[in-house]
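Participant: One predicted model, sequence on top.
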Amino acid sequence: MAAHQPLDLAELDATPLPSRGKGLPLQAGGVLPGQVAAQGWAALRDLPTPFCLIRRSALDHNRRIMSDYLARSGIQLCPHGKTTLAPRLLSLQAQDGAWGFTAATLDHLRLYRRHGIARVIFANQLVDPLAIRFVAEELDRDAAFDISVLVDSADGLDLMLGELGARDGARPLGVLVEMGAAGGRTGLRDPGEALALARRIAASAGVALRGVEAYEGAFAGGDKQDIARRVGGLLDDTATLANAIAAEGLFAPGRPIVTAGGSSLFEQVVNTFRARLDFEAQIVLRSGCYLTDDHGFYAASRPEIGASTGVSQPFKPALEVWGHVQSRPQADLCILTLGKRDVSYDLGLPLPILWAPQGAPERPRPLGEGFEILRLNDQHAYMRTPADHSVRVGDRVGVGISHPCTTFDKWRFLALVDDDGRIEEIVETFF
Ligand SMILES: Cc1ncc(COP(=O)(O)O)c(C=O)c1O
């Protein structure tokens, strides 16, 4: 892994942990982040349930796999920071050589700027005057700040230009035309219309046409062949648009950016762009979830990143949420002390994977077959249990998750642990 600059974490490092907060050891109050490893805390001994942990070995594995993939393929990564919104984790991605970070909201952008992130793709159209003004002020204030925002309509362009006003002599705002597809999310549906918008952008003062963007992840989930076909169509249109803009010489000076790619289909993105782009583009992925992967949605849609690069190992799930068995009202049902407040449920329910019986050593064991989370309430999980299994009230159960983004946002503090469950760091999020 090439070593690059970490983020500026000085403010975080100087701030002691609070004395309460979900996911913290009871004795955390007043401990500085840098003193955590020396406390000798163990997740299964010192964290009240529910708690969420990140396994360092899986995290490091995923970092390595992605870094190798990028190095071999010559692609840049601008990870979507909204997955974790944890400066400590973004800093690891920066150290791994992230080209920049992707943001979706003004709040993300402000967090990034606070921690010294210089290059940002704002993967949305800027429609909020407060956001437009913040961006303009940052451009004027800091010559190193580099941002590219999406535009998918003349309305969006006009709104942004109107709010930017005449900024005499100021650096222009970077713009990426967003290509979309029917049934998808934002983005122009037709490459011809997108080219017309690109011409307009190129002719407008105050903005610089930097490249082209698409997000294929809006099609993820469901029948794999159907998704591959629809994503293929979107990526083809994106390449067609980029080639047409390049042929007309509309891109601003510099290597044009062509960006797409979440964590589930990025190899298709890379292969398509490499095959179809007929000019020297900077291909940029924006994957965020690869960092922790999961046991559900991403595990099922993992990119086969071996085929074109020789990197054969897939990502490993790094996140677990733990709860106690607080009731076994029927032989075939356990109720756990974790619920919708604690774990994602938008792309599948959590999966029971680990068991720490009362009084047992701190190394949990696999739970085995036949367990399933049937549903969640706010603070409870209903776990189908094989009637002859000896799991009992007071034992702890660890669940794998499906969708990192919507698990991270339920935790202000997550414990980063080694393979023996010792807490090495407390990771703070800023949702
Ligand atoms: C526009 C955009 N780019 C990139 C990503 C990152 O994709 P993933 O969460 O699969 O890593 C997302 C995720 O929602 C997104 O909306």
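Facilitator: Perfect, I can see it now.
Participant: first vs last residue of stretch 90-102, how far apart are they?
Facilitator: End-to-end distance of stretch 90-102 (C-alpha to C-alpha, to the nearest Å): 11 Å.
Participant: gap between it and the chain center?
Facilitator: Relative to its chain's centre, stretch 90-102 lies at 12 Å (C-alpha atoms, centre = their mean, to the nearest Å).
Participant: any idea of the mean pLDDT in that stretch?
Facilitator: Per-residue pLDDT over stretch 90-102 has a mean of 98.
Participant: Find the residue ranges of the stretch 1-150 of the chain scoring beneath the pLDDT cut-off.
Facilitator: 1-3 (pLDDT under 70).
Participant: Strands of that one, residue ranges please.
Facilitator: Along the stretch 1-150 of the chain, counting by DSSP state E, counting those that start in this stretch, strands occupy 51-55, 76-77, 101-103, 119-125, 146-151.
Participant: quick one: strands adjacent to the shortest one?
Facilitator: For strand 76-77, the paired strands and their directions (DSSP bridges) read strand 282-285 (parallel).
Participant: and if you look at the last one?
Facilitator: Sheet pairing of strand 146-151 (DSSP bridges) gives strand 119-125 (parallel), strand 173-178 (parallel).
Participant: neighbouring contacts of that strand?
Facilitator: Outside strand 146-151, the residues that touch it by C-beta atoms under 8 Å, 6 or more residues apart in numbering are 100, 109, 118-126, 135, 138-139, 157, 160, 173-178, 186, 197, 201, 210-211, 213, 257. All C-beta spots, glycine's among them, are computed from the backbone N, C-alpha and C.
Participant: And for the nearest residue to Asp409 once chain neighbours are set aside, the neighbour number?
Facilitator: In this structure, Asp409 finds its nearest non-sequential neighbour in Phe431, 4.5 Å apart by C-beta to C-beta, 6 or more residues apart in numbering. For Phe431, the neighbour count with other C-beta atoms under 10 Å is 15.
Participant: and if you look at Ser263?
Facilitator: The tally of other residues near Ser263 (other C-beta under 10 Å) stands at 30.
Participant: quick one, what contacts it?
Facilitator: By C-beta under 8 Å, 6+ apart, the contact set of Ser263 is Gly217, Ser287, Gly288, Cys289, Tyr290, Asp293, Tyr298, Pro303.
Participant: In PyMOL, how would I select the buried members of those?
Facilitator: Buried residues within the contacts of Ser263, by 16 or more other C-beta atoms under 10 Å, are selected in PyMOL with:
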select buried, resi 217+287+288+289+290+293+298+303
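Participant: show me which of the contacts of Ser263 neighbour the ligand.
Facilitator: Among these, the residues that sit close to the ligand (C-beta under 6 Å from any ligand atom) are Gly217, Ser287, Gly288, Cys289.
Participant: thinking again about what came up before, tell me, which of the contacts of strand 146-151 make contact with the ligand?
Facilitator: Counting by C-beta under 6 Å from any ligand atom, Ala123 from the contacts of strand 146-151 sit close to the ligand.
Participant: returning to that earlier point: specify which member of the ones next to the ligand among the contacts of Ser263 is nearest to Arg274.
Facilitator: The nearest member of the ones next to the ligand among the contacts of Ser263 to Arg274, counting by C-beta to C-beta, is Ser287 at 16.7 Å.
Participant: mind listing what that closest one touches?
Facilitator: Applying C-beta under 8 Å, 6+ apart to Ser287 gives the contacts Met66, Leu77, Pro79, His80, Gly261, Gly262, Ser263, Phe266.
Participant: quick one: average confidence on whichever helix or strand Leu159 is part of?
Facilitator: Per DSSP states H and E: Leu159 is located in helix 154-164. Across helix 154-164, the average pLDDT comes to 96.
Participant: Just the C-alphas of that helix, formatted as CSV.
Facilitator: The C-alpha trace of helix 154-164 is given here as CSV (Å, rounded to 0.1, in the frame of the first residue of the first chain):
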residue,chain,number,x,y,z
ALA,A,154,-30.3,23.3,-17.7
ASP,A,155,-32.5,24.2,-14.7
GLY,A,156,-29.8,22.9,-12.4
LEU,A,157,-27.1,24.8,-14.2
ASP,A,158,-29.0,28.0,-14.2
LEU,A,159,-29.8,27.8,-10.6
MET,A,160,-26.2,27.2,-9.7
LEU,A,161,-24.9,30.0,-12.0
GLY,A,162,-27.5,32.4,-10.6
GLU,A,163,-26.5,31.7,-7.1
LEU,A,164,-22.7,31.8,-7.8
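Participant: re the thing from before, narrow the contacts of strand 146-151 to those that are buried.
Facilitator: Among these, those classed as buried by 16+ other C-beta under 10 Å are 100, 109, 119-126, 135, 139, 157, 160, 173-178, 186, 197, 201, 210-211, 213, 257.
Participant: Do a quick rundown of the strands in the stretch 151-300 of the chain.
Facilitator: 173-178, 207-213, 257-259, 282-285.
Participant: Throw those into TSV and include distance to Val231 and mean pLDDT, thanks.
Facilitator: Listed next are the strands of the stretch 151-300 of the chain as TSV, based on distance: least, C-beta to C-beta, whole Å; pLDDT from 0 to 100:
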stretch	distance to Val231	mean pLDDT
strand 173-178	15	98
strand 207-213	15	98
strand 257-259	15	98
strand 282-285	14	98
